[in-house]
Each structure stands twice: as structure tokens, then as C-alpha cells.
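Trainee: Show me the folded form of this:
(one chain, ligands or ions: 1)
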Amino acid sequence: MPQANAPEARPDLAQVRVQIDGIDQQIQDLIRQRAHWAQQVGKAKGKLAAAVDYYRPEREAQVLRRVVDRNDGPLNDEVLVRLFREIMSACLAQQEPLKIGFLGPEGTHSQQAVYKHFGHSIHGLPLASIEEVFQEVEAGHADFGVVPVENSTQGTIQSTLDMFLTSKLKICGEVELRVHQHLLSRAGRLEDIERVYAHPQSFAQCKAWLRQYLPKAEKIPVSSNADGAKRARNADDAAAIAGISAATVYGLKSLAGPIEDRPDNTTRFLVLGRELFPPSGNDRTSLLVFIKDQPGALYHVLAPFAKHGLSMNRIESRPGHTGLWQYAFFIDITGHAQEDAMRRALDEVDEFAQEVKVLGSYPVAIA
Ligand SMILES: O=C(O)C(=O)C[C@]1(C(=O)O)C=C[C@@H](O)C=C1
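Mentor: Numbers count the residues shown, from 1 in each chain. Predicted structure coming up:
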């Protein structure tokens, strides 16, 4: 009988490695077969004009949800999803890599969101502003764009919402990214830091930490954290707040991190495209609703969703740019615009609203 606390027998390292080598060989063979079948899927879709026509976010979401459902450890869902994302990304890139525009420069959290959603087998296009991301996708220079829309600590990124007032682009995905901030500098001592560069959102996310550890340092707002990291390269007494990937890109060291005040600090990004995709089975619909200036207008717009059993995840009002004190409402509802309940609700909303725009129906973010 083994004793309760008997140490586990130590496995023989050489034998364990033989096992791993055998499994690696099987994995490689399976990946080869998968890549072959992904090519057959490409052929089955017929001769399409460009890589963007092969991309199927609803199918990718279904594949990844199955990965999560099957997972019984030891690796967690996020890690497994990342691995399978990369495999699908590589399979798709056999046609041609997708071109993805994002709020640059290199090393931003937006770039991390791009890799989280599309994998690394893509061609990333770092762009100077959120507006430019919209423009490049509209012009067809990028297949998709990725822009931040809200942060769990700081709230909505209003410049992104406002772009939808005039843009024809569709939302075809969402990405949730845990955002960890670091204090980066070229020298290695916290006590030498007299200036800190960061995007205003990042300053707000790290307010308590800065108050405690760098109360006297000058806080200089910049257009992006990566821009701050670039500036911090020039002096020993300067630092920047940015994600750890900016440290590698700009040759800086992390003096402290993570330094965000809330450990669950998360940013949600939207994936912008030019067309709508079919349901994946667990979707969200984003609407832009202009309401009539009459009593109970907002109530009448929201009631049909409740009546048809659809939950509202978010509502946000913005000046509608259609007249003084006229408002547009950004509303997120669980479900897909092609599903019956949502169709019926939207027909009823149409009767009361001045205008309803379906900005997109897309798979709910996975792991
Ligand atoms: O199933 C498809 O439509 C494919 O093109 C294959 C595949 C995959 O590798 O699983 C690749 C790219 C698509 O975005 C979705 C899935």
C-alpha cells in the first residue's frame, strides 16, 4: 500500500522526452492534414477574389467554442484558444495573409488585440488614429480593422462610437483583452524617474499606483502609450506606462508591473469589416438608434427587445449630429440580426425610431 504522503516516483527524463517526441510527431502530422483540408475548404468555396473572402468569423468562433467545451486541463481555456487560433490563422494565410489595420504604432494593446483575434499569420498595418483605421478599411486597403471601444475601468472610447454615426462599416467581431500596464524606462531605478509619459486612459487606470510611488513625477499625456515609450527612450529620468510588449519593441526595461489599479482591467475592441456575417450560435448585435423627440420614445425602442426575450447588454447615448439636443443610442443586444426573435423586435423598433442601423452581429468574444 503506498503511504499517504509518499513522494511521487521521479519519472525518467529520457523516457519522458521520448513520449514528447512521439506526440510532437503526431501533432505535426495532424497539423499537416488540417492545413491540407483547410486548402480543400478554400477550393470548396470556389474561386474567390481575395483572402478576405475566405475568412469566416462565425466558423472560427464555433471551432474555438468546441475547443473550450472539450478542455479538461491542464492548460486553461485562454491558452488552448490561443493555440487553435494560431493554427487557423496559419491555415487561412495559405490563401494569403489578411491585412489588419489597428491603432498603432507597434507595441500597443490594439496590436495585441489583433493577434489575439486573428493570430500572428496576418499582415498588420499600424495606423495613426482611430479615424484612419476606419478609412483604410473603407478604402479596401485593409481587410479588417481593430479599434478600442471601452475599458472596464475608464468607460467608453467616444471617438470610436462617433465614427459609426457616418461610417458604413460593419462590426464583425469583438475582442476582450486583459490590459496590464508597466512602468517602462531605459534605466533601472524608480527613484530616478521625474517624468512619466502615457495616454490619458492609462494614467487614469494607474492613478492610485502613481499617487503612491511617483507622487512628484510630472505626468505628460501623449497620443498613445507606444508614443510615450518612444519618448522615454531618450532620457534616464523619463518613463512610460505601456504594455510589456512595448518594452521589447522600444528597448526599455520594466521598473514595475502590473501597475493598474484594478486587476481585472479589461479593454474591449471591435473588429471592423465591410460586410455582415451569418450567426455563429452565440452572437451579439450592435445597433445605432436615432429616436424621435416624443414622450416615451426610448421606452418604445427598448420594449420590443424585452418582449422577445432578448437581453440588452449595454446602452450609451451620444449627440446624434442630426440637430441640437438630438441623441443617438448605441445599444448592444444578445442575439443575431438574422434570428427570428431579433428580426421581429427590430421590425417593432422601426415603427418608433427615427432610424435604426444594424452596426453588426458578431460572435461574443471567446476566452
Ligand atoms: O471552415 C472554413 O471556412 C475555413 O476556411 C477553414 C478555417 C479553419 O482553419 O478552420 C480557416 C479560415 C476561416 O476563417 C474559418 C475556418
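
Trainee: The lengthiest helix in the chain near the ligand anywhere?
Mentor: Counting residues, the longest helix found in the chain (DSSP state H) is helix 13-44. Yes. Contact of helix 13-44 with the ligand (Cβ under 6 Å from any ligand atom) involves 38, 41. Backbone N, C-alpha and C define where each C-beta goes, glycine included.

Trainee: what distance separates the start and the end of stretch 250-268?
Mentor: Start-to-end span of stretch 250-268 (Cα to Cα, to the nearest Å) is 25 Å.

Trainee: hmm, back to that, the longest helix of the chain: how far from the chain's middle?
Mentor: 29 Å (Cα atoms, centre = their mean, to the nearest Å).

Trainee: And it, what's buried?
Mentor: Of the residues in helix 13-44, 38, 42 count as buried by neighbour count, 16 or more other Cβ atoms under 10 Å.

Trainee: average model confidence for the helix or strand following it?
Mentor: Counting by DSSP states H and E, the next helix or strand C-terminal to helix 13-44 is helix 57-70. Here helix 57-70 scores 97 as its mean pLDDT.

Trainee: now helix 57-70: how far from the chain's centre is it?
Mentor: For helix 57-70, the separation from the chain centroid amounts to 17 Å (computed by Cα atoms, centre = their mean).

Trainee: now check that helix, is it near the ligand?
Mentor: Yes. With Cβ under 6 Å from any ligand atom as the criterion, the ligand is reached by helix 57-70 at 59-60, 63.

Trainee: Buried members of these into ChimeraX, please.
Mentor: Those of these that count as buried under 16+ other Cβ under 10 Å are selected in ChimeraX with:
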select :60,63
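
Trainee: hmm, back to that, which elements pack onto the longest helix of the chain?
Mentor: If you count contacts as 3 or more Cβ pairs under 8 Å, 6 or more residues apart in numbering; DSSP states H and E, helix 13-44 packs onto helix 77-93.

Trainee: Now the element after the helix it packs on, going C-ward?
Mentor: Per DSSP H and E, the first helix or strand lying C-terminal to helix 77-93 is strand 99-103.

Trainee: So what touches the next helix or strand after that following strand?
Mentor: With elements assigned by DSSP H and E, the helix or strand that comes after strand 99-103 is helix 109-118. The contact list for helix 109-118, computed with Cβ atoms under 8 Å, 6 or more residues apart in numbering, reads 82, 85, 89, 98, 100, 102-104, 122, 124, 126, 144, 146-148, 173, 175, 177, 179, 225, 243, 245, 267, 269, 271.

Trainee: Let me see the mean pLDDT of helix 109-118.
Mentor: Per-residue pLDDT over helix 109-118 has a mean of 95.

Trainee: by how many degrees do the longest helix of the chain and helix 57-70 diverge?
Mentor: Angle, helix 13-44 to helix 57-70, by axes from the mean of the first three to the mean of the last three Cα atoms, to 10 degrees: 150 degrees.

Trainee: Number the residues from 14 up from this point.
Mentor: OK, 14 is where the count begins now, so the last one is helix 26-57.

Trainee: got the angle for helix 26-57 vs helix 90-106?
Mentor: Using the same axes, to 10 degrees: helix 26-57 against helix 90-106 is 50 degrees.
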